[in-house]
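1. My questions are about this predicted structure, shown below with the sequence.
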Amino acid sequence: GDYGWDSAGLSADPQTFKCYREAELIHARWAMLGTAGCLTPELLSKYFNVEFGEAVWFKAGAQIFSDGGLDYLGSPNFVHAQSILAILGCQVILMGAAEAFRVNGGPLGPGDELYPGGQFDPLGLADDPTTFAELKVKEIKNGRLAMFAMTGFYVQAIVTGKGPVECWAEHVADPFNANGFQLQYNSKFAPGA
């Protein structure tokens, strides 16, 4: 939420401030999707015995360089990726098209690009202005938390070489020894190790 604290003067220019708010909200939404995407395969693999080639988020992409390529969701019946250049090209084209579509008004035309409502609000959550204002604050707070969580995922991957679910399970099993302050976890992880 906006509580008027701006020691860096980022909101001095209203147009720049609007761009910053838009960028923060979009990054927050991607971070919320990213945290779910990092946790879900590892949770499914660990607790529900769903087979993936590699369930840990920072190791999964390397499967494309294996002989068989990368099977999305662990099944060759879905997308069977074998070329990193083809994947990169598809992602650049699809994300570029989606972003261009969003910047140019999206399917609803000009209006509120961040909260379009209409067909993007099938449950009618934005019908009541008071509830809608509260949901906006909840969204940005959860998004900020997700951005912070992603930073934690990056750091724990570098330090321990393990996924977030495995680190959490170890910590719950032995909270006094499996934490960030113990020397055994303060060593650099080499991806090939």
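-> Perfect, I can see it now.

2. Per-residue pLDDT of residue 106, please?
-> Note for residue 106: predicted pLDDT of 69.

3. repeat for residue 91
-> For residue 91, pLDDT reads 89.

4. shift numbering so it begins at 37
-> Got it, the first residue is 37 from now on, which makes the last one we talked about residue 127.

5. Reduced to three states, what does residue 193 come out as?
-> helix (DSSP: H, G, I helix; E, B strand; the rest coil).

6. For it, grab the count of nearby residues.
-> 20 (other C-beta atoms under 10 Å). C-beta: built from backbone N, CA, C; applies to glycine.

7. where along the protein do the strands fall?
-> Using DSSP state E, the strands of the chain run over 106-107, 116-117.

8. Distance to residue 153 and mean neighbour count added to these, as CSV?
-> Output for those, formatted as CSV (distance: least, C-beta to C-beta, whole Å; neighbours: other C-beta atoms under 10 Å):
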stretch, distance to residue 153, mean neighbour count
strand 106-107, 37, 20
strand 116-117, 36, 14
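
9. and the longest helix belonging to the chain, how far from the chain's centre?
-> Identified as the longest helix of the chain according to DSSP state H is helix 50-84. With C-alpha atoms, centre = their mean, to the nearest Å as the basis, helix 50-84 stands 3 Å off its chain's centre.

10. I am finished for the moment; much appreciated.
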